[in-house]
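Peer 1: Sequence and predicted model, in that order:
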Amino acid sequence: MRIRSRVAGLALATGLTLGVAGPAPTASAADTLTVMSLNTWLGGTKVTDGVNKIAAEITKAGADVVSLQEYSADSTQKIAAKLGWYATDTGTDVDIVSRLPFEGEDWTAGGGGTVAVKIKGVWIYSVHLDYTKYGPYNACFDNDSYATIYADEANRKKQAQEILNWAGSSPAIIAGDFNTPSHLDWTADTQAVHCNSVVQWPATKIFADAGYSDAYRKVNPDEATVPGNTWSPVVKTNQGRPEPQDRIDLILYRGGPTLNVTSARTWGGGSNWPSDHLAVVAKFNL
């Protein structure tokens, strides 16, 4: 839950510089883009050989561009160097690595710190919302009222609005660890597995109301039979209680008829998986 960049000869109005972490590989098909979101669990430091494992999983997933969360020291640059990819270098909590060159880059302190790069004409954002006052704990551990649940979502709601305002009206893909479930998942059809609660989680609802679609739920519309949980393949208990299992790593997109998701899935798990989150991978037609 923490964010720096390089492409030779490209100066940006933001004052940031772009840089190459290695030779640029051949671009993918001009009309598609595969996006991955991955929380790196403190830059791969929580597992043995974490950087190599992260780079290997990115390669296996067939991603073109990856939204990373939980930077640690120079973890992003190490991951990019292993891949021979381009990378942002924000020095805080979020970064982006890409096998395709950046056409532009920007960063804002809004939304808890958000970085964006432009690839194939589309702005792609890496985000990581506030992890405190985690909503499923309110519902499942504290049996809080809906009023309390929504009140405790205030900071994530504010961050989501800041990101939305910053992104503007351009075609965009917003990917990251939202630290909240989706309003598309805590429904009447799933309340039995969500502590008998139906919650319109504000951070995701704000994006939906602004015309953003959820890539995973667009491809897998039945939240009851295909929950798509990303938290957590590692954390299953919490002080002797079952840890709520939820889909909190999301890829949202908006771009009219020219930007459409064609596939979306969770990625990862197993003994060699380097994160306490699953990743999510979505392929788009541009």
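Peer 2: In hand now; what should we look at? Numbers count the residues shown, from 1 in each chain.
Peer 1: C-alpha from now on. contacts and neighbour counts both.
Peer 2: Will do.
Peer 1: where do the helices sit along the stretch 51-200 of the chain?
Peer 2: Ranges of helices within the stretch 51-200 of the chain are 75-83, 135-140, 146-152, 154-167, based on DSSP state H, counting those that start in this stretch.
Peer 1: Need the winner for burial among these.
Peer 2: Most buried of these, by mean neighbour count (mean count of other C-alpha atoms under 10 Å): helix 75-83, with a mean of 22.
Peer 1: Could the C-alpha coordinates of that one be exported in PDB?
Peer 2: Extracted in PDB, the C-alpha atoms of helix 75-83 (Å, rounded to 0.1, in the frame of the first residue of the first chain):
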ATOM      1  CA  SER A  75      11.400  -2.600  -6.500                       C
ATOM      2  CA  THR A  76       9.700  -1.200  -9.600                       C
ATOM      3  CA  GLN A  77      13.100  -0.500 -11.300                       C
ATOM      4  CA  LYS A  78      14.300  -4.000 -10.500                       C
ATOM      5  CA  ILE A  79      11.100  -5.600 -11.900                       C
ATOM      6  CA  ALA A  80      11.400  -3.400 -15.100                       C
ATOM      7  CA  ALA A  81      15.000  -4.300 -15.500                       C
ATOM      8  CA  LYS A  82      14.200  -8.000 -15.300                       C
ATOM      9  CA  LEU A  83      11.600  -7.600 -18.000                       C
END
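Peer 1: you'd agree residue 175 is up against residue 34?
Peer 2: No: judged on C-alpha atoms under 8 Å, residue 175 makes no contact with residue 34 at a distance of 11.9 Å.
Peer 1: Pick out whichever of the two has more residues nearby.
Peer 2: Looking at residue 175 and residue 34 with other C-alpha atoms under 10 Å, you find the greater number of neighbours at residue 175, namely 28 against 20.
Peer 1: Now do the contacts for the more buried one.
Peer 2: By C-alpha atoms under 8 Å, 6 or more residues apart in numbering, the contact set of residue 175 is 36-37, 67, 124-127, 249-252.
Peer 1: quick check, nearest of these to residue 282?
Peer 2: residue 36 (6.5 Å; C-alpha to C-alpha).
Peer 1: wait, that closest one sits on residue 268?
Peer 2: No: using C-alpha under 8 Å as the test, residue 36 is too far from residue 268 to be in contact (11.5 Å).
Peer 1: which residues do the two both contact?
Peer 2: With C-alpha under 8 Å, 6+ apart, residue 36 and residue 268 have common neighbours residue 279.
Peer 1: So, low pLDDT: which residues of the chain?
Peer 2: Low-confidence segments of the chain (pLDDT under 70): 1-29.
Peer 1: Apply 90 and report the result again.
Peer 2: For the chain, the stretches flagged by pLDDT under 90 are 1-30, 71-73, 91-92, 256-258.
Peer 1: What residues are bridge-paired with residue 285?
Peer 2: In this entry, residue 285 is beta-bridged to residue 32, residue 260, by DSSP bridges.
Peer 1: okay, now the closest residue to residue 101 other than its chain neighbours: neighbour count?
Peer 2: Distance criterion C-alpha to C-alpha, 6 or more residues apart in numbering; nearest residue to residue 101, sequence neighbours excluded, is residue 86 at 6.4 Å. Residues near residue 86, counting by other C-alpha under 10 Å, number 28.
Peer 1: part of a strand, is residue 41?
Peer 2: No: using DSSP: H, G, I helix; E, B strand; the rest coil, the assignment for residue 41 is coil, not a strand.
Peer 1: right, and it touches residue 273 too?
Peer 2: No: proximity of residue 41 to residue 273 does not meet the contact threshold set by C-alpha under 8 Å, at 10.7 Å.
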